[in-house]
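Participant: This is a predicted model, with the sequence first.
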Amino acid sequence: RPDWLPSFFRSPQQPPQIALSLEQEQNGEEIQLQDLPASRARSVARGESQEPSATTTATPMRQQQPVVRTTVSSPRPPPPVIQEETAPRLGSPSLDSAWDGQTTPKASAVMLNDLVPSFALSAPDSSPSNASSAPATRPKPPPAPHSSFGLMAPPPRPVRAYAAGSSTLPIPNRGAGLLPNRGLGAGLTPPPTHSSKPKKPSLQVALAPGHSPLDWARLSGGPGADLRGLPRDAPYLRVTPTMLRYYTGRKGKDAWMALGGRVYNITPYIAFHPGGEPELLRGAGRDGTTLFGEVHPWVNYEGMLAACLVGIYVTEEEGAAAATAAAGCSSAGGNGMGDMD
Ligand code: HEM
């Protein structure tokens, strides 16, 4: 560059390290360029240094086979050492053949002292092999509180809003934050809309002690349980609507109910019915299939009332025909009650 060029066109960097390194190179050592950008180091090695001092002293090791080993030192410890090569390393057997035609510099990590290159917060080793690349006078920083390679400190524990076992729940937004206090449940719950169905109030009644659903299951679930209110050896009956109407559960009579074509004596179940006695007796003395399905179609009445099965629900005609047939057989032992053979 001519001298008449303004000074700001010149490179601001001064090359004391370069001069020193080039002297070493003249002594047969490889060029060590410290604390210089890699691009500048490359140009110096090619003999294109922009500094007069470097130009006069720089001598490439081999013609067209410059070897530049640039050691980049980080201002903060530890300095990861990056070796940038524009040619195969010294001593490589394929030095000449591998370099032919290659212009792209290759960068690779170099391990010093057989250490795995890593980024740690501890001071670098000041052994002689490291002295050229690591500043030995740099003060050792204090160890990290959770010093481990690559590990970060764990996040802080969440602050407990209320003590474990306490019966009082925290009230959100109380006295803090920009949002108004909307009370409990205001967090992530969506606001109530007009499209949501209002919940039906439960019509269940309080059952007397010893009359829970579990008690009923115990009472009626045994293998030989018989809650029909009929003689033990009585057969299943054909029950007509006229017969059924008699058993209303009132005035001391039993309560029978037709459900799904079968007739059950629901009298023992009255005290166990979660909906209460009056509700249950609405279906007594008649076919309660529709009513039952309107209130609780999910209830398994067949299983719950198996011990209460009286017989099948038949029409008047079927019942009359059965009664006639039974009367014809009465001399042969029939009881004339419309029982099933
Ligand atoms: C057909 C006449 C009946 C009527 C009108 C009736 C009515 C009711 C009502 C109003 C409830 C309360 C529902 C609620 O929690 O809001 C109820 C519950 C219940 N009923 Fe009935 N009931 C009848 C027959 C029966 C029968 C024959 C059985 C037994 C096989 C039975 C078993 C139950 C059970 C297990 C519950 C509790 C249901 C639940 O918690 O989900 N009901 N009943």
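Facilitator: Everything's here; your move. Numbering: from 1, shown residues only.
Participant: what ranges of the stretch 201-341 of the chain fall below the confidence cut-off?
Facilitator: 329-341 (pLDDT under 70).
Participant: Which parts of it are strands?
Facilitator: Along the stretch 201-341 of the chain, counting by DSSP state E, counting those that start in this stretch, strands occupy 237-239, 256-259, 262-265, 286-287, 309-313.
Participant: Spell out which strands sit alongside the fourth one in the sheet and which way each one runs.
Facilitator: What that stands for is strand 286-287. strand 256-259 (parallel) (DSSP bridges).
Participant: Can you show me the CA trace of the partner strand as CSV?
Facilitator: Once non-C-alpha atoms are left out, strand 256-259 reads as follows in CSV (Å, rounded to 0.1, in the frame of the first residue of the first chain):
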residue,chain,number,x,y,z
TRP,A,256,-95.4,-55.4,42.9
MET,A,257,-94.1,-53.7,39.8
ALA,A,258,-93.8,-54.9,36.2
LEU,A,259,-90.5,-54.1,34.6
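Participant: Point out the most buried one among the strands of the stretch 201-341 of the chain.
Facilitator: Most buried of these by mean neighbour count (mean count of other CB atoms under 10 Å) is strand 256-259; its value is a mean of 26. C-beta here means a position set from N, CA and C on the backbone, and glycine is covered the same way.
Participant: export the strands of the stretch 201-341 of the chain to JSON lines and tack on distance to the ligand?
Facilitator: Shown next, in JSON lines, are these (distance: least, CB to the nearest ligand atom, whole Å):
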{"stretch": "strand 237-239", "distance to the ligand": "16"}
{"stretch": "strand 256-259", "distance to the ligand": "6"}
{"stretch": "strand 262-265", "distance to the ligand": "7"}
{"stretch": "strand 286-287", "distance to the ligand": "9"}
{"stretch": "strand 309-313", "distance to the ligand": "12"}
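Participant: Out of those, which is closest to Pro154?
Facilitator: strand 256-259 (63.4 Å; CB to CB).
Participant: outside of that closest one, which residues touch it?
Facilitator: 239, 244, 247, 263-266, 283-289, 292, 301, 305, 310, 313 (CB atoms under 8 Å, 6 or more residues apart in numbering).
Participant: can we see that at 6 Å?
Facilitator: With contacts defined as CB atoms under 6 Å, 6 or more residues apart in numbering, strand 256-259 is touched by 244, 247, 263-266, 283-284, 287-289, 301, 313.
Participant: likewise stretch 270-290?
Facilitator: Under CB under 6 Å, 6+ apart, the answer for stretch 270-290 is 203-205, 211, 216, 244-245, 247-249, 255, 257-260, 291.
Participant: In the stretch 101-250 of the chain, which residue sits nearest the ligand?
Facilitator: Leu203 (3.8 Å; CB to the nearest ligand atom).
Participant: what's the spacing between the residue nearest to that residue when sequence neighbours are not counted and Ala326?
Facilitator: In space, and not counting its chain neighbours, Leu203 is closest to Gly275: 5.9 Å by CB to CB, 6 or more residues apart in numbering. Gly275 sits 37 Å away from Ala326, going by CB to CB, to the nearest Å.
Participant: and what of Gly283?
Facilitator: Distance from Gly283 to Ala326, by CB to CB: 28 Å.
Participant: More neighbours: which of these two?
Facilitator: Gly283 (21 against 18; other CB atoms under 10 Å).
Participant: Can you measure across stretch 197-207, start residue to end residue?
Facilitator: 29 Å (CA to CA, to the nearest Å).
Participant: Mind listing residues that contact it?
Facilitator: Pro274, Gly275, Gly276.
Participant: Just the buried ones from these, in PyMOL syntax?
Facilitator: A single PyMOL command selects the buried members of the contacts of stretch 197-207 (16 or more other CB atoms under 10 Å):
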select buried, resi 274
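Participant: List just the nearest of the contacts of stretch 197-207 to Ser195.
Facilitator: Gly275 (29.4 Å).
Participant: and this structure, which residues reach the ligand?
Facilitator: Counting by CB under 6 Å from any ligand atom, the chain comes close to the ligand at 202-204, 266, 269, 273-275, 279-280, 282-283, 288, 291-292, 295-296, 299, 301, 304-305.
Participant: could you redo the last one with a cut-off of 5 Å?
Facilitator: Neighbours of the ligand within the chain, by CB under 5 Å from any ligand atom: 202-204, 274-275, 279-280, 282-283, 288, 291-292, 295-296, 299, 301, 304.
Participant: Drop anything exposed from the residues you listed.
Facilitator: Pro274, Leu280, Gly283, Gly288, Phe292, Tyr301, Met304.
Participant: Filter these down to the ones in helices?
Facilitator: Here DSSP state H is the test, and those give Leu280, Phe292, Tyr301, Met304 as lying in helices.
Participant: And for Gly285, the neighbour number?
Facilitator: When neighbours are counted by other CB under 10 Å, Gly285 comes out with 22.
Participant: what sits opposite the nearest residue to it once chain neighbours are set aside in the beta ladder?
Facilitator: Nearest-residue entry for Gly285: Thr248, 3.8 Å, with adjacent residues in sequence omitted and distances by CB to CB, 6+ apart. Under DSSP bridges, the beta-bridge partners of Thr248 are Ala255.
Participant: quick thing: my sequence starts at 783, can you match it?
Facilitator: Sounds good: first residue 783 from here, last item Thr1030.
Participant: Val987 versus Thr1030, what's the distance?
Facilitator: 20 Å.
Participant: Same question for Glu1061.
Facilitator: Taken as CB to CB, the span from Glu1061 to Val987 is 8 Å.
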